[in-house]
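Enquirer: Structure, please.
(one chain, ligands or ions: 1)
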Amino acid sequence: MAKKRNIIVGQSGGPTAVINSSLAGVYKNAKERGFHKVYGMLHGIQGLLDEQYVDLSTQIHSDMDIELLKRTPSAFLGSCRYKLPEIHENPEIYEKIFSILDKLEIEAFVYIGGNDSMDTIKKLSDYAIIKGHSQKFLGVPKTIDNDLALTDHTPGFGSAAKYIAASTKEVIRDALGLNYKKENIIILEIMGRNAGWLTGATALARTEECEGPDLIYLPEIVFDVDKFLKKVQELMKKKSSIVIAVSEGLKLADGRYVCELSAANADYVDAFGHKQLAGTATYLANFLGAKIGCKTRAIEFSTLQRSASHMASRTDVDEAFMVGGAAVKAADEGDSGKMVVIDRVADDPYMSAAGIYDVHRIANNEKVVPREWVNKEGNYVTEEFIDYVKPLIQGDYQPFMVNGLPQHLVLKRK
Ligand code: F6P
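Expert: Just a heads-up that it's a prediction; the model follows:
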């Protein structure tokens, strides 16, 4: 009997507002290309190791479900932060994974994730070559951090940037309307451990009717607390309401994170050795409050910024869907050990297309904001930065509203 053509897809790392649009792109394309079963790993490779998976046709029954999936934030299948050991360190784990793949008659393995997740694609595709397995391994980019190499940008970034820019505008309006003749400082804390793409996106709040944030601090630039205080004091001579955007990953000259200065900082470290970062804005707001003696407020966008699908960018949703489909096509045509990328084809009007690169050049790499896209003082982004991000937040993808709230597609487990 001929071997079944099955495909398996997983989601990994921090979710985004559009990671499920990529999943929808994988599912639809796989079905159109005649794959028999489309399996979903539950909680990525970590769940697969426990044989946790679903047949996606038990979850997605119509084009309407696909549309709903595209509008659902967070990882529909569940995510994980799991680092595979080096092949020589633990070959048994690879044997186990490949025996599960063989049992499910998997031909193609698609993983939607960021740079840490691409390490999984790299290792599995290497192992398949070494051991002569025929399965194809493809990566689909995803991260609000926008820090993957060789792709113009990553799905998830545009929607998070749109939410951040819109929220920054709203916070600025709120602050301006606040107290008569009273000073106030607001500090916004934005995700992106080592890359300031999303923090820089607050600059998009600068529009005809809004001045935008007053200062923007990215993790790429060493943070100097004294200079920061001086700058804020200078600004306060000119205006009474100040809004400052800071990255969660701001670091001091001695390598410590600013959030580590706070006694309340958590010590949790994930499988990739990343510290949980939170508290930068709170620390700086308390610091300024004590030094300047005015009202301060810290706003940590936290997971809101990666789950705000009600503010999704249509460009982002469409591109996320496109790269999911492109990975299936590539695997079906025999590619392996690669990640789909987004190429910017034109700026005006903006156009993009899917390309493909060797995952070895992408895994574990971080693309940070170039120094020339940050001003000399290191406290704002340049026009080039803004021109780069602007097309990515365009268009809306309205949620399906039920009883006044967005409707989501959720996994049904027996
Ligand atoms: O991987 C993306 C990301 O959203 C980072 O910006 C952030 O530092 C991290 O995830 C937070 O992850 P977690 O929710 O697991 O703490």
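Enquirer: residues near the residue in the stretch 51-200 of the chain that the ligand sits nearest to, how many?
Expert: Relative to the ligand, the nearest point of the stretch 51-200 of the chain is Met191 (3.3 Å; C-beta to the nearest ligand atom). Using the backbone N, CA and C atoms, a C-beta is placed for each residue, glycine as well. Counted with other C-beta atoms under 10 Å, residues neighbouring Met191 total 25.
Enquirer: With the one 10 residues further on instead?
Expert: Using other C-beta under 10 Å, the number of residues around Ala201 comes to 33.
Enquirer: In contact with it, which residues are there?
Expert: Ala160, Ala161, Ile164, Ala165, Val389, Ile393 (C-beta atoms under 8 Å, 6 or more residues apart in numbering).
Enquirer: Please verify my assumption that the first one contacts Ala17.
Expert: If I follow you right, that is Ala160. Yes - with contact defined as C-beta atoms under 8 Å, Ala160 reaches Ala17; the gap is 6.8 Å.
Enquirer: Which one's more surrounded, these two?
Expert: Ala160 (35 against 31).
Enquirer: Let me know the distance separating the closest residue to that one other than its chain neighbours from Leu138.
Expert: Leaving aside its chain neighbours, Ala160 sits nearest to Ile144 (3.9 Å; criterion: C-beta to C-beta, 6 or more residues apart in numbering). Computed as C-beta to C-beta, to the nearest Å, the Ile144 to Leu138 distance reads 21 Å.
Enquirer: again with Ser309
Expert: 25 Å.
Enquirer: Out of the two, name the residue with the larger neighbour count.
Expert: Leu138 (29 against 23).
Enquirer: Skip ahead from the strand or helix carrying that one and say which helix or strand is next.
Expert: Element membership for Leu138 (DSSP states H and E) is strand 136-141. Next along the chain after strand 136-141, taking DSSP H and E as the criterion, comes helix 157-176.
Enquirer: how far out from the middle of the chain is that next one?
Expert: Relative to the chain's own centre, helix 157-176 is displaced by 17 Å; criterion: C-alpha atoms, centre = their mean, to the nearest Å.
Enquirer: do the same with stretch 82-96
Expert: 26 Å.
Enquirer: And it, end to end?
Expert: 16 Å (C-alpha to C-alpha, to the nearest Å).
Enquirer: surely the residue of the stretch 51-200 of the chain closest to the ligand meets Glu300?
Expert: No - checked against C-beta under 8 Å, the pair Met191 and Glu300 is beyond contact range at 9.3 Å.
Enquirer: can you list residues touching both of those two?
Expert: By C-beta under 8 Å, 6+ apart, Met191 and Glu300 have these common neighbours: Glu248.
Enquirer: mind listing the helices in the stretch 101-250 of the chain by residue range?
Expert: 115-131, 157-176, 197-200, 225-236 (DSSP state H, counting those that start in this stretch).
Enquirer: Could you dump those helices into TSV and include mean pLDDT and distance to the ligand?
Expert: Shown next, in TSV, are those (pLDDT from 0 to 100; distance: least, C-beta to the nearest ligand atom, whole Å):
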stretch	mean pLDDT	distance to the ligand
helix 115-131	95	8
helix 157-176	96	8
helix 197-200	98	7
helix 225-236	97	21
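Enquirer: of all the ones you listed, which gets the most neighbours per residue?
Expert: Comparing the helices of the stretch 101-250 of the chain by mean neighbour count (mean count of other C-beta atoms under 10 Å), helix 197-200 ranks first with a mean of 30.
Enquirer: Just list what that helix packs against, helices and strands only.
Expert: Counting by 3 or more C-beta pairs under 8 Å, 6 or more residues apart in numbering; DSSP states H and E, the packing neighbours recorded for helix 197-200 are helix 157-176, strand 215-217, strand 241-247, helix 383-389.
Enquirer: do that again at 10 Å, thanks
Expert: Judged by 3 or more C-beta pairs under 10 Å, 6 or more residues apart in numbering; DSSP states H and E, helix 197-200 is in contact with helix 157-176, strand 184-190, strand 215-217, strand 241-247, helix 383-389.
Enquirer: Need the ones you listed in a markdown table (columns: distance to Pro91).
Expert: As requested, the helices and strands packed on helix 197-200 are exported to a markdown table (distance: least, C-beta to C-beta, whole Å):
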| stretch | distance to Pro91 |
| --- | --- |
| helix 157-176 | 36 |
| strand 184-190 | 41 |
| strand 215-217 | 45 |
| strand 241-247 | 40 |
| helix 383-389 | 43 |
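Enquirer: between those, which one is nearest to Val410?
Expert: helix 157-176 (19.6 Å; C-beta to C-beta).
Enquirer: tilt between that closest one and strand 136-141?
Expert: 20 degrees (axes from the mean of the first three to the mean of the last three C-alpha atoms, to 10 degrees).
Enquirer: what's helix 157-176 packed up against?
Expert: If contacts are counted by 3+ C-beta pairs under 10 Å, 6+ apart, helix 157-176 sits against strand 184-190, helix 197-200, strand 241-247, strand 295-300, helix 304-307, helix 314-332, helix 383-389.
Enquirer: show me where pLDDT drops low in the stretch 251-400 of the chain?
Expert: Within the stretch 251-400 of the chain, the stretches with pLDDT under 70 are 263-276.
Enquirer: Which positions in the chain make contact with the ligand?
Expert: By the rule C-beta under 6 Å from any ligand atom, the part of the chain lying against the ligand is Gly13, Gly14, Gly114, Thr143, Ile144, Asp145, Met191, Gly192, Arg193, Gln276, Leu277, Arg306.
Enquirer: make it 5 Å
Expert: Contact residues (C-beta under 5 Å from any ligand atom) of the chain with the ligand: Gly14, Asp145, Met191, Gly192, Arg193.
Enquirer: quick one: whatever residue of the stretch 1-150 of the chain ends up closest to the ligand from Ser79, how far?
Expert: Relative to the ligand, the nearest point of the stretch 1-150 of the chain is Gly14 (3.1 Å; C-beta to the nearest ligand atom). In this view, Gly14 and Ser79 are 7 Å apart by C-beta to C-beta.
Enquirer: next one: Val225
Expert: Separation of Val225 from Ser79 (C-beta to C-beta) stands at 35 Å.
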